[in-house]
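A.B. asks: Need a 3D model of the following:
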Amino acid sequence: MKNMNRLLKLNPKRFGMKSVIAISILAALELSEAFAQRAALPTGPQWGDQNLSAFYRWTDALPSSPGVMLREEPIKAQPEITKAAFAERILYSSTDVRWHAGIVPVSGTLYLPVGEPPAGGWPLVAWAHGTLGVADVCAPSWAGHKPRDATYIQKWLENGFAVVATDYQGLGGPGPHPYLIWEAEGHSVLDAVRAARSAHGDKLASKVFISGQSQGSGAALGATTVAPSYAPDVPLLATVATGVVSTFPDGPYRPVEPFKVSSPIYLTLI
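C.D. replies: Numbering: from 1, shown residues only. Predicted structure coming up:
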């Protein structure tokens, strides 16, 4: 607050009123910047935070970059998921674009198929789940994936895909869950991919597919929308979104002509 202290010592008669006003503006800008830099993530029980386990509470300094794997631990097998040789709960860094709190920890799960990876590694599916709730206890990495979602994961594993599934910011990790805010959810999806690739890149191919249902459709499309600018390092090949619920800044999309079999745009209903 150097400018503010300097302002208090100024004598308008000596320096002129214009100089005092100029420095007042500088001091106000400095104060605004200081508050902006201190933008804090809302936390506490009223925001859905719960004390699940020490795994979800990151107390060390966070890395300066998103997509860094912070920690991993094994999780219990689900009845529907039997084709995973590797099943872990993960915590990774991501960027908060809802409350502008900078880098935040986000949780999720990571699965690798049985057997040795093929030449070049397993392609990676990033799964974006549908609505489950807004409290930490709803996080799939803690409560387990719903049977339908677990069946999807099983099928991908059976067909030689690794799977990373974000819980989304605020489900498991600290602060509120930015429900249906597609850009925030998209960051969670992309940074889960980055974390998986950074920690297990020797087993994963440079082929990423995103799939999302309902709430996850917005996350999947949001991730696809921001990927070129936010995560150009993610080798995204295709996205499948079902039960689409999100409206985007330039949406809803209306094609120039009706969909045809020969159209480059395909509409899949599951």
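A.B. asks: low pLDDT regions in this structure?
C.D. replies: Applying pLDDT under 70 to the chain flags the ranges 1-38, 246-270.
A.B. asks: ok, which stretches of it are helices?
C.D. replies: For the chain, the helices defined by DSSP state H cover 2-8, 12-15, 17-37, 140-143, 147-158, 182-200, 215-230.
A.B. asks: so what does the fourth one touch, helix or strand wise?
C.D. replies: Packing contacts for helix 140-143, counted by 3 or more CB pairs under 8 Å, 6 or more residues apart in numbering; DSSP states H and E, involve strand 84-96, strand 102-113. To be clear about C-beta, it is placed using only N, CA and C from the backbone, and glycine gets the same treatment.
A.B. asks: In a markdown table: those strands, plus distance to residue 41 and mean neighbour count.
C.D. replies: Formatted as a markdown table, the helices and strands packed on helix 140-143 follow (distance: least, CB to CB, whole Å; neighbours: other CB atoms under 10 Å):
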| stretch | distance to residue 41 | mean neighbour count |
| --- | --- | --- |
| strand 84-96 | 6 | 21 |
| strand 102-113 | 6 | 24 |
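A.B. asks: Make JSON lines out of these and add distance to residue 52.
C.D. replies: JSON lines is the format used below for the helices and strands packed on helix 140-143 (distance: least, CB to CB, whole Å):
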{"stretch": "strand 84-96", "distance to residue 52": "10"}
{"stretch": "strand 102-113", "distance to residue 52": "9"}
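A.B. asks: Quick one: closest of these to residue 198.
C.D. replies: strand 84-96 (8.7 Å; CB to CB).
A.B. asks: tell me the angle of that closest one relative to helix 147-158?
C.D. replies: Strand 84-96 and helix 147-158 are oriented at 110 degrees to each other (axes from the mean of the first three to the mean of the last three CA atoms, to 10 degrees).
A.B. asks: Run through the neighbouring helices and strands of strand 84-96.
C.D. replies: strand 69-74, strand 102-113, helix 140-143, helix 182-200.
A.B. asks: Which one, of the ones you listed, ends up nearest to residue 56?
C.D. replies: Nearest of these (CB to CB): strand 102-113, 5.8 Å.
A.B. asks: between the closest one and helix 182-200, how many degrees?
C.D. replies: Going by the same axes, to 10 degrees, strand 102-113 makes 60 degrees with helix 182-200.
A.B. asks: Kindly format the C-alpha coordinates of strand 102-113 as CSV.
C.D. replies: Presented in CSV, the C-alpha positions along strand 102-113 are these (Å, rounded to 0.1, in the frame of the first residue of the first chain):
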residue,chain,number,x,y,z
GLY,A,102,-6.5,-19.8,-8.7
ILE,A,103,-5.2,-23.3,-8.4
VAL,A,104,-7.5,-25.7,-6.4
PRO,A,105,-7.3,-29.5,-5.7
VAL,A,106,-9.9,-31.7,-7.4
SER,A,107,-10.5,-35.4,-6.9
GLY,A,108,-11.4,-38.2,-9.2
THR,A,109,-10.7,-41.9,-10.1
LEU,A,110,-8.3,-43.5,-12.6
TYR,A,111,-8.5,-47.0,-14.0
LEU,A,112,-6.1,-49.0,-16.2
PRO,A,113,-7.0,-52.2,-18.1
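A.B. asks: Check the offset of it from the chain's centre.
C.D. replies: Offset of strand 102-113 from its chain centre (CA atoms, centre = their mean, to the nearest Å): 8 Å.
A.B. asks: Neighbouring strands of that strand in the sheet, and parallel or not?
C.D. replies: Strand partners for strand 102-113, identified by DSSP bridges, are recorded as strand 84-96 (antiparallel), strand 162-166 (antiparallel).
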